[in-house]
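J.: Quick one: sequence and predicted model below, then my questions.
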Amino acid sequence: MAFSDPRAIPGPPEVRRLLQESPTRLFLLQSVLSTFGDRFLLLAAGIWVRVLTGSNAEAGLTFFFLLLPSIVVSPLAGLLADRVRRKPLLIACQAAVAATVLLLVLVHGRQQVWLIWLVMVAYGSIGTVISAAKSALLVTIVDGELLGEANGFLNTMAEGLRLLTPLIGAGLFAVAGGPVVAELDAATYLIAMGALVWLRVSEPAPTRSGQRWLAEVTGGFRHLWSVPALRQILLALVPVVAVIGFLETAFFAVVTDGLHRPATFVGVLISVQGIGAVAGGLSAAPIMRRLSETRLTALGILTIAIGSAICVVPAYVQGVAPMVVVVVAAVVVGAGLPWMIVGADTLLQRRTPLSLQGRVNAAFGLLFGGFQTASIGLGALLIGAFGYVPSLLAMGVVGVSVAGYLLSRPKLEFVIEAGGLQGS
């Protein structure tokens with residue numbers, strides 16, 4: 001559908017401008033499709049291994065094999081995304097994902113569980129390249145002043161899908177089995193690939209810096225540290241991400257030990273957190289226009305900290321009120337997450353030259369994912385030893401401190417003005 005008149009598109013003026021252009025619509029469509037396929041396949045893969053082996057530990061290894069490549073291949077993935085044109089790279093990667101996922105139709109019993117894990121390793125490896133290339137191509141397609149709207153839209157869609165895909169993935173697996181889930185995921189990638197083939201975008205030819213290979217690979221990390229605004233965000237997010245993984249275990253402890261509810265009630269909290277995340281994604285760009293990228297990130301961190309801290313209420317108050325408080329806290333945490341992510345992602349994109357977009361995205365993803373994974377393990381140990389209250393309060397203290405640090409810094413990022421992006 002073509003929108004010749006931007007007023008025909010519902011929503012704020014900036015969103016209408018974003019969706020008016022056909023290349024932008026096609027890019028966002030293929031992003032949402034591939035995210036949809038990712039979400040329901042990954043859940044179904046874990047369930048599949050659990051059904052085949054009867055082991056929770058082996059089911060957990062499925063996600064380990066998915067995450068492992070992001071740590072190992074991120075720097076190389078970012079370099080690849082900067083060395084070649086991003087659109088052909090994305091088309092090739094999406095075709096490779098579709099072909100790789102179809103290997104799962106060969107899984108018929110416990111003897112082929114290794115194949116599921118092998119597919120997860122390949123899925124994670126190719127997905128790391130896709131993430132770096134997508135971020136770089138987005139900067140090429142979308143006007144700089146609309147990057148906030150684009151990131152907010154993608155985050156909103158991702159969180160909205162998180163509300164639906166667990167039911168779709170688990171339900172489809174229960175009804176049709178793992179091979180059908182794999183085939184559907186492959187289909188989403190093939191459709192997304194078709195949208196990219198149809199996409200018309202003029203990409204500048206990749207340039208090489210002439211540096212040695214090691215300097216090229218580490219270029220993303222060095223850029224993050226050399227730009228003051230990015231260094232501020234990095235120094236803020238590292239301690240936050242180092243404790244944010246505590247929530248993965250804390251929610252279970254709050255439900256079972258604090259509210260004295262069955263562990264399945266965690267599903268309710270995750271759902272209401274998703275509702276908050278959708279609201280946060282929709283409001284991220286408008287708030288960022290009034291404040292700035294850094295201040296939106298700080299607001300997100302502060303909101304997550306407050307929501308985490310008030311989850312300690314069930315440890316001291318009994319009755320219905322604590323449940324209401326925890327549900328509200330889950331919504332608050334959910335709203336804060338996209339504010340933090342959209343603010344940081346947009347700042348990275350706006351303060352990074354096109355030739356470094358892939359490596360900076362990969363470097364940031366590696367740091368973010370590495371610290372978050374470590375914090376999940378540490379949180380499980382700490383909550384097992386000391387209960388959930390100290391961990392949640394620690395998240396609150398760290399978050400408030402970091403938000404205060406960011407809010408006290410001078411504005412170093414680009415500011416959006418009527419004439420476009422200006423350096424402050």
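T.: Cool, got the structure. Residues are numbered from 1 along each chain as shown.
J.: Neighbours of residue 176, how many?
T.: 12 (other Cβ atoms under 10 Å). C-betas here are computed from N, CA, C, even on glycine.
J.: Look up how far residue 42 lies from it.
T.: Using Cβ to Cβ, to the nearest Å, residue 176 is found at 17 Å from residue 42.
J.: shaky segments in the stretch 1-150 of the chain?
T.: Applying pLDDT under 70 to the stretch 1-150 of the chain flags the ranges 1-19, 21, 56-57.
J.: need the contact list for residue 206.
T.: For residue 206, the contacting residues are 82-85, 355, by Cβ atoms under 8 Å, 6 or more residues apart in numbering.
J.: Would you list the buried entries among those residues?
T.: Among those, those classed as buried by 16 or more other Cβ atoms under 10 Å are 82, 84-85, 355.
J.: Which of the three states applies to residue 346?
T.: With DSSP: H, G, I helix; E, B strand; the rest coil as the basis, residue 346 sits in helix.
J.: whoops, residue 204 was the one
T.: Recorded secondary structure, residue 204: coil (three-state DSSP).
J.: surely residue 216 meets residue 79?
T.: Yes - applying Cβ atoms under 8 Å as the test, residue 216 and residue 79 come out as touching, 5.8 Å apart.
J.: which residues do the two both contact?
T.: residue 359.
J.: can you list the contacts of residue 206 in TSV and add secondary structure?
T.: As requested, the contacts of residue 206 are arranged in TSV below (three-state DSSP):
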residue	secondary structure
82	helix
83	helix
84	coil
85	coil
355	helix
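J.: Which of these sits closest to residue 307?
T.: Ranked by distance to residue 307 (Cβ to Cβ), the contacts of residue 206 are led by residue 82 at 37.0 Å.
J.: what's the closest non-adjacent residue to that closest one?
T.: residue 358 (4.2 Å; Cβ to Cβ, 6 or more residues apart in numbering).
J.: can you count the residues close to the one you found?
T.: 31.
J.: Quick one: residues contacting it.
T.: Residues near residue 358 by Cβ under 8 Å, 6+ apart: 77-82, 86, 132-133, 135-136, 220.
J.: host element of it?
T.: Applying DSSP states H and E as the criterion places residue 358 in helix 357-386.
J.: Heading C-terminal from that helix, find the next helix or strand.
T.: Taking DSSP H and E, what comes next after helix 357-386 is helix 388-408.
J.: So which elements touch that following helix?
T.: Here helix 388-408 touches helix 228-244, helix 246-253, helix 293-309, helix 357-386, going by 3 or more Cβ pairs under 8 Å, 6 or more residues apart in numbering; DSSP states H and E.
J.: helices or strands up against the longest helix anywhere in the chain?
T.: Longest helix in the chain, counting residues (DSSP state H): helix 22-53. When contacts are defined as 3+ Cβ pairs under 8 Å, 6+ apart, helix 22-53 sits against helix 13-20, helix 56-72, helix 86-101, helix 113-141, helix 147-176, helix 178-198.
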